[in-house]
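> sequence first, then the predicted structure, then my questions.
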Amino acid sequence: MNTKISIIGAGYVGTSLGVLISSKYNVTLYDLDKHKVDLINKKQSHLEEQDINDWLTKKKLSISATTNPKEALKGAHLYIICTPTNFDSKTNSFNTESVTESIKKILKINKKAKILIKSTIPIGYTQQIIKKTKHKAIAFSPEFLREGSSLQDNLYPARIIISDNHMGLANLFAKIMQNLILVKKPEIIFMAPSEAETVKLFSNTYLAMRVSFFNELDNFALSRDLNPKNLIDGISSDPRIGKQYNNPSFGFGGYCLPKDLKQLNSNFGDIPHSLIASIDKSNKARAEFIASDILAKKVKKIGFYRLAMKKGSDNFRASSVLMLMKAILKRSNKCQIFLFEPSISKTPLKNVILIHDFNEFQKKSELIICNREDKKISKKKMYTRDIYNRDL
Ligand SMILES: NC(=O)c1ccc[n+]([C@@H]2O[C@H](COP(=O)([O-])OP(=O)(O)OC[C@H]3O[C@@H](n4cnc5c(N)ncnc54)[C@H](O)[C@@H]3O)[C@@H](O)[C@H]2O)c1
C-alpha cells in the first residue's frame, strides 16, 4: 500500500488503470483537465462505465487527482503515461508530444523515475525517447482495454505484454498487475520495445480487418438476397474462425482502431502491404453501401439513434455512425436528418437536427438508424445491421 503510483492522463486508460491499481496501491492521477480531476476527487466517474462508477463509490480506493504536476509526480515508485496520441495526417504519424512532454516533466522532478508508457506509440518511439533523454528506465506496455468494459478487461486480461529493455521496471509492473488481476495464471510476455509497439498496432489492425470482413460479407448477402445470419453462423462455426467479433455494423470506428491502422500503414512505408492498405477503403465502402441501402427505402425523415457505436458507451470519436450520416447527406439533400444523442448539446453536422426528447425523435423519424439495437426503438421503424444483438 505504501507504493505510490503516478498516472499521467486521466482519460479512459488512465482512469480505468487508476481505479484498478488504487484498490491496492496509492494512486495519484495527473491531468490538465480540471473538470475530470474534480470529479475523480469527488469519487465520481467522468466515463459512462458502470463498474468504474461502482468501484469509485463503493470500494475503498486510495486515489486522488490533481492538475499540479509537482504534487502528482513527486516521489512515485512508478509512473504510467496514458496521454493521447492522435494521428496527425500532416506528419503521417501519431502526435506523441503529450507523451514526450510528460516524460520530460517526470524527469525534471524525479531523475530516477521508472516510466511505463501505456499510450499507443509509433514503432520505434520507446528506443528513440530513451536515446533522446538518456534515461534507461522507460518501458512500453500496450493497453488492450475496450471502452465501456475497461475495468473488466484489465481485471481479466488475455495477456500482459511488457517491453524487456529494463527488467527492473518490467518486473515491477508485472508484479503490480499480478497482485490486482483476477486471472490465476496470467500470460505475461516480455519482448523488445519495438516488438511490443508492433503487437499493439497489428492487434488493432486485425480487429479492424475482421470488422470489415464481416461487413463486406453482409454487403454481399444483402445484394444477393442471402440471409447474412445463416452465412455468418455457418462460417463462424469453424473454430479456426470463431464466433466472436463477427457481428455486422456500420463500420469500425472509435478512438483506437482507425488511428492505429493508419499508424501501421505509415510504419509499413514501402514494405508491400496491400491487405492492410485496403482496410480503410473497405470501411468507407461499407458506409457508402449502407447509405445506398437506406436511401433506397425512399424515406424523407431519417433519425439517427446515438453516435456512439457500442451500447453503454458515451464515446463517439471517429464514429462510423457519423461517417454514415455524412455519406447520406452527401447523396441526398431531400432528406431531413434527426439525431438523438443526449450527451451533446450542439449538432455535430450542419443540416442535422438534434432532438433530446426520445418520444419526439421517434415520432418525427420515419426510419431510425442504429448501429446497435435498442429495445426503446420501435421495431417497425428500426434500421440496423446488428444481427446478434451484441456489440461485436
Ligand atoms: N481508449 C481506448 O480504448 C484505448 C485503448 C488502448 C490504448 N489507448 C491509448 O491510450 C492513450 C490514451 O487514450 P485514452 O482513450 O485514455 O485518451 P483520452 O483522451 O480519454 O484521455 C487522455 C487524457 O490525457 C489528458 N492529457 C492530455 N495531454 C496531457 C498532458 N500533457 N499531461 C497530462 N494529461 C494530459 C487529457 O486531458 C485526457 O484526460 C492513447 O494513446 C490511446 O491510443 C486507448
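Received it, and whenever you're ready, just let me know what you need.
> all strands for the stretch 201-350 of the chain, in order.
Using DSSP state E, counting those that start in this stretch, the strands of the stretch 201-350 of the chain run over residues 301-305, 336-340.
> please identify the most buried of these.
strand 301-305 (a mean of 23; mean count of other C-beta atoms under 10 Å). For the C-beta atoms, the positions are set from N, CA and C on the backbone; glycine is no exception.
> for that one, output the C-alpha coordinates as CSV.
Below are the C-alpha coordinates for strand 301-305, written out as CSV (Å, rounded to 0.1, in the frame of the first residue of the first chain):
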residue,chain,number,x,y,z
LYS,A,301,-37.2,11.8,-42.4
ILE,A,302,-34.3,9.8,-41.1
GLY,A,303,-33.5,9.6,-37.5
PHE,A,304,-30.1,8.5,-36.1
TYR,A,305,-30.1,6.9,-32.7
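> turn the strands of the stretch 201-350 of the chain into a markdown table, columns for distance to residue 68 and mean pLDDT.
Listed next are the strands of the stretch 201-350 of the chain as a markdown table, based on distance: least, C-beta to C-beta, whole Å; pLDDT from 0 to 100:
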| stretch | distance to residue 68 | mean pLDDT |
| --- | --- | --- |
| strand 301-305 | 41 | 97 |
| strand 336-340 | 39 | 96 |
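> can you redo those strands as TSV with distance to residue 272?
Listed next are the strands of the stretch 201-350 of the chain as TSV, based on distance: least, C-beta to C-beta, whole Å:
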stretch	distance to residue 272
strand 301-305	39
strand 336-340	41
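> who in the protein is up against the ligand?
8-14, 30-33, 36, 82-85, 98, 101-102, 118-120, 143, 145-147, 255-256 (C-beta under 6 Å from any ligand atom).
> how about a cut-off of 5 Å?
Selection of the chain residues close to the ligand by C-beta under 5 Å from any ligand atom yields 9, 11-13, 31-33, 82-85, 98, 101, 119-120, 143, 147, 255-256.
> quick one: buried ones out of the residues you listed?
9, 11-13, 31, 82-85, 98, 119-120, 143, 147, 255-256 (16 or more other C-beta atoms under 10 Å).
> which member of those is positioned nearest the ligand?
Of all these, the ligand sits closest to residue 11, with 1.6 Å by C-beta to the nearest ligand atom.
> checking residue 113 next. Helix, strand or coil?
Secondary structure, DSSP: H, G, I helix; E, B strand; the rest coil: residue 113 is coil.
> tally of neighbours for the residue lying closest to it once chain neighbours are set aside?
Leaving aside its chain neighbours, residue 113 sits nearest to residue 106 (4.9 Å; criterion: C-beta to C-beta, 6 or more residues apart in numbering). Applying other C-beta atoms under 10 Å, we find 25 residues neighbouring residue 106.
> residues touching residue 106, list them.
6, 8, 73, 79, 113, 115 (C-beta atoms under 8 Å, 6 or more residues apart in numbering).
> which strand or helix spans residue 356?
If you go by DSSP states H and E, residue 356 is not part of any helix or strand.
> how much space between it and the ligand?
To the ligand, residue 356 is 24 Å away according to C-beta to the nearest ligand atom, to the nearest Å.
> for burial, what's the neighbour tally of that residue?
12.
> so it touches residue 342, yeah?
Yes. Using C-beta atoms under 8 Å, residue 356 is in contact with residue 342, at 5.9 Å.
> ranges for the helices of this protein?
12-21, 34-41, 50-58, 69-73, 97-109, 125-133, 150-155, 167-180, 193-223, 228-236, 256-268, 274-295, 320-331, 358-364 (DSSP state H).
> tilt between the second one and helix 50-58?
Put simply, helix 34-41 runs at 60 degrees to helix 50-58, going by axes from the mean of the first three to the mean of the last three C-alpha atoms, to 10 degrees.
> check which helices and strands helix 34-41 sits against.
helix 12-21, strand 63-66 (3 or more C-beta pairs under 8 Å, 6 or more residues apart in numbering; DSSP states H and E).
> no further questions, thank you.
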